[in-house]
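S.K.: build me a model:
(2 chains, ligands or ions: 1)
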Amino acid sequence: MEKRGGNILVLTILVCVFATYNLVLYLQPTSGSTAPLMSETALEGEKIWQENNCTACHQLYGLGGYLGPDLTNIISHPYKGSGYAKAFFNSGVSSMPKFDFSETEKEALVQFLEHVDRTGYYPNLNAEFGADGWVSIKYK
Amino acid sequence: MTRHFPLLFIALGLVALVLGSFIGLLISFTYLDATFLKEIIPFNQLRPLHTTTVVSWIVLGATGGVYYYLSQIKNITIYAPKLGFFHFILFALTGVAIYISLLSGRMGGREYLEYFPLLTIPILVGWILFGFNYFKSLFGKIKNRPVYLWMWGTGIVFMVYHLSEAHFWIFSDIRSDFIKDMGIQWKSYGSFFGSWNMLIYGTAIYLMSKIKKDENVARGKTVFFFYFLGLTNLMFGWAHHTYILPNADWIRYVAYVISMTEWIILIHIIYAWAKSLSKAQKKENSMAYRFLMASEFWVFVNLILALLMSIPALNYYMHGTHITVAHSMGTTIGINTCILLASVSYIVKIISGPLTSKTGYYGFILFNISLAVFWLSLVIGGVYKAVWMSNPENLSFSTLHSESTPIFWLFFLSGCALFIGITMISAPLLKRLYNHMKLSKEQSN
Ligand code: HEM
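M.R.: Residues are numbered from 1 along each chain as shown, chains lettered A, B, ... in the order given. You can find the predicted model right below:
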């Protein structure tokens, strides 16, 4: 491998495999969930979610900042749900900024969270653990 | 001024490090007092201000170093110094624009890239100019290139690619498939951390070869093997960030298998360390060497944590807790920042003689001790939350939060010490850089 030619060969092979892998990831269905695509309203809700950077404090699937709780399954939570979530948006509770969303915006946010809820579970409490360290997660 | 552009990158980077750490202190206080600064500038604007500022330190520090070292290599001159200077101005102005965007609340809201999305364009242009200048400077100049030249080139190219990939959510086909969208977003993040690591580990190898005065450090089969192993992980290892996302199994399998190859790195480190014990090594007495040694320790600790987190069964518990923050800050501070501070110390020594400042030395000690406490407090906080999460009948989130208060105090106080340490290290370096640039300006007048 000292020779430059050898290194270039290895690099070329890696880049080719990477390109194929990327194309599959971008163009093929990759999701294990059976949820339909996002509706217009849900997309609108996601836009509001982004513009207000809710991610700084909330996680979806455990990804995000950690000052507030994870919201992946808040809609299907036995004691919570869409009405409960809606009540929080403009509440300004604890560190959460006091937002001033209109009824339409709140509805869009709820639709977004509803969509997220339909895509899967977090935490994935019924996942199965293998002896090899693998975890088979439960899909929705 | 134009010809000093590598030093300008570094000086601005150091300012970003000190400022970014200070903002870190402000946001960590929100954990203790939820309404702290809430009416003035809420956490959702301050957190991205922190992450963007400290990431800028890493990018600026690494870029300035690569430009500087490039000009030091025999037979190489920088192809277009004016373009390098323009790159600096472009990044500095974009930085100002990002601050305006975050402070005024005009956000894009994707984690780590929360600023107004169009600002990515000048950042991409900057990286493309960097790449152009880099490859043009090297083209046809040296044969049998040392590994760091490969690593820097790879880092630049992949940075451009993954920064673009992070914005694929603008395509409606991707955006409307939530899981795919999140998957690609985290794929790009995993890989652009990998890309800047190429720049930074390349710098570490360059420094080692110079400090040990041994070019073999950067040549030969073993170093190239590790370069390709790193590249493979950069390309295919990202999904360990998203094991819990309901993606197709094969994506997660690939990431699991690839991530486990990093045990080879760990074993290699232990082996090299054991071997070095048997040899009486000449200890270097410079700040650069000290920082490199410290970074080796932090690589060791953080690699163990990262490897454990890459095992799905452990990731299941660690994911979504402050253990991931221990991992991200542990690596960006312990590894990246240490290597970059070694690099800055090395450059400052070249331009203005050995660093004798006691302040810097005590800062170094304080930095490492406080980082250890800081890191541990995040891990403990994470374990606490992991236990809470795995119990479906758990207490409310706000109870968990208030029960974790003692850990948050530990986090905040060690953060204060860390900030002081960082300032004590950076101030003398900045002063030297400033004096050097001022002096050469006076001489040229
Ligand atoms: C010196 C004092 C510092 C303090 C008190 C501090 C505090 C914090 C806090 C509170 C967070 C947010 C965690 C959350 O979402 O709950 C954070 C995130 C982060 N900080 Fe710092 N920080 C400091 C310095 C630094 C430095 C010097 C760097 C890098 C060079 C850094 C890199 C990061 C990164 C990458 C994140 C994102 C973590 C993630 O999303 O997992 N921090 N920091």
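S.K.: from here on, just use CA atoms for contacts and neighbour counts.
M.R.: Noted.
S.K.: geometric centre of chain A: which residue is closest?
M.R.: Centroid-nearest residue in chain A: A:L60, 4.7 Å away (criterion: Cα atoms, centre = their mean).
S.K.: OK, contacts around the residue nearest to it when sequence neighbours are not counted?
M.R.: Closest residue to A:L60 apart from its sequence neighbours, by Cα to Cα, 6 or more residues apart in numbering or on different chains: A:T72 at 4.9 Å. Neighbour list for A:T72: A:Q59, A:L60, A:Y61, A:L113, A:V116, A:D117, A:Y121, A:Y122 [criterion: Cα atoms under 8 Å, 6 or more residues apart in numbering or on different chains].
S.K.: that older thread, so the residue nearest to the centre of chain A touches A:D70, yeah?
M.R.: Yes: checked against Cα atoms under 8 Å, the pair A:L60 and A:D70 is within contact range at 5.8 Å.
S.K.: count of neighbours near B:K210?
M.R.: Neighbours of B:K210 under the rule other Cα atoms under 10 Å in any protein chain shown: 14.
S.K.: where does it land on pLDDT?
M.R.: With respect to pLDDT, B:K210 scores 92.
S.K.: just how off-centre is the strand or helix carrying it within its chain?
M.R.: In this structure, B:K210 sits in helix B:178-211 according to DSSP states H and E. Computed by Cα atoms, centre = their mean, to the nearest Å, the chain-centroid distance of helix B:178-211 equals 8 Å.
S.K.: name the next helix or strand downstream of it, please.
M.R.: helix B:221-236.
S.K.: report the angle between that following helix and helix B:178-211.
M.R.: Following axes from the mean of the first three to the mean of the last three Cα atoms, to 10 degrees, one obtains 160 degrees for the angle between helix B:221-236 and helix B:178-211.
S.K.: tell me the helices and strands packed up against helix B:221-236.
M.R.: helix A:4-27, helix B:147-165, helix B:178-211, helix B:249-260 (3 or more Cα pairs under 8 Å, 6 or more residues apart in numbering or on different chains; DSSP states H and E).
S.K.: pull out the buried residues from it.
M.R.: B:223-224, B:226-236 (16 or more other Cα atoms under 10 Å in any protein chain shown).
S.K.: for stretch A:93-105, same thing?
M.R.: Here stretch A:93-105 shows A:S95, A:M96, A:P97, A:K98, A:E105 as buried, counting by 16+ other Cα under 10 Å.
S.K.: which element, helix or strand, includes the third one?
M.R.: If you go by DSSP H and E, A:P97 is not part of any helix or strand.
S.K.: any regions of chain B where pLDDT drops low?
M.R.: For chain B, the stretches with pLDDT under 70 are B:277-283.
S.K.: again, but for chain A
M.R.: A:1-4.
S.K.: repeat that for 90
M.R.: Along chain A, segments meeting pLDDT under 90 span A:1-6, A:28-36, A:140.
S.K.: those strands in it, which residues are they?
M.R.: Along chain A, the segments classed as strands by DSSP state E run A:59-60, A:63-64, A:128-129, A:135-136.
S.K.: and B:T2, which of the ones you listed is closest to it?
M.R.: strand A:63-64 (40.2 Å; Cα to Cα).
S.K.: that closest one pairs with which strands, and in what direction?
M.R.: strand A:59-60 (antiparallel) (DSSP bridges).
S.K.: wait, does the partner strand contact the ligand?
M.R.: No: judged by Cα under 6 Å from any ligand atom, strand A:59-60 makes no contact with the ligand; its nearest approach is 9.5 Å.
S.K.: for whatever residue of the stretch 51-200 of chain B ends up closest to chain A, grab phi and psi.
M.R.: Nearest residue of the stretch 51-200 of chain B to chain A, counting by Cα to the nearest Cα: B:G109, 4.0 Å away. With angles defined as degrees, to the nearest 10, B:G109 shows backbone torsions of phi 70, psi 10.
S.K.: so what's the residue count around it?
M.R.: B:G109: 25 neighbours (other Cα under 10 Å).
S.K.: how near is it to the ligand?
M.R.: With distances taken as Cα to the nearest ligand atom, to the nearest Å, B:G109 is found 13 Å from the ligand.
S.K.: show the contacting residues for that residue.
M.R.: Neighbouring residues of B:G109 by Cα under 8 Å, 6+ apart: A:W49, A:Q50, A:E51, A:N52, A:N53, A:C54, A:T55, B:Y115.
S.K.: burial count for the second one?
M.R.: When you say that, I think you mean A:Q50. By other Cα under 10 Å, the burial measure for A:Q50, its neighbour count, is 18.
S.K.: and if you look at the fifth one?
M.R.: With neighbours defined by other Cα under 10 Å, the count for A:N53 comes to 26.
S.K.: next: the fourth one.
M.R.: Taking other Cα under 10 Å as the criterion, the count of residues near A:N52 is 20.
S.K.: so what's it up against?
M.R.: B:N44, B:G105, B:M107, B:G109.
S.K.: how close does A:G5 sit to A:T12?
M.R.: Noted for A:G5: a distance of 10 Å to A:T12, by Cα to Cα, to the nearest Å.
S.K.: next: B:A386.
M.R.: 42 Å.
S.K.: more crowded one of these two?
M.R.: Using other Cα under 10 Å as the criterion, B:A386 and A:T12 rank with B:A386 on top: 19 against 12.
S.K.: can you tell me the closest non-neighbouring residue to the more buried one?
M.R.: Among residues not flanking B:A386 along the chain, B:Y317 sits closest, at 5.5 Å (Cα to Cα, 6+ apart).
S.K.: how about the one you found, what does it touch?
M.R.: By Cα under 8 Å, 6+ apart, the residues touching B:Y317 are B:A386, B:V387, B:S390.
S.K.: which ones among these map onto helices?
M.R.: Those of the contacts of B:Y317 mapping onto helices are B:A386, B:V387, per DSSP state H.
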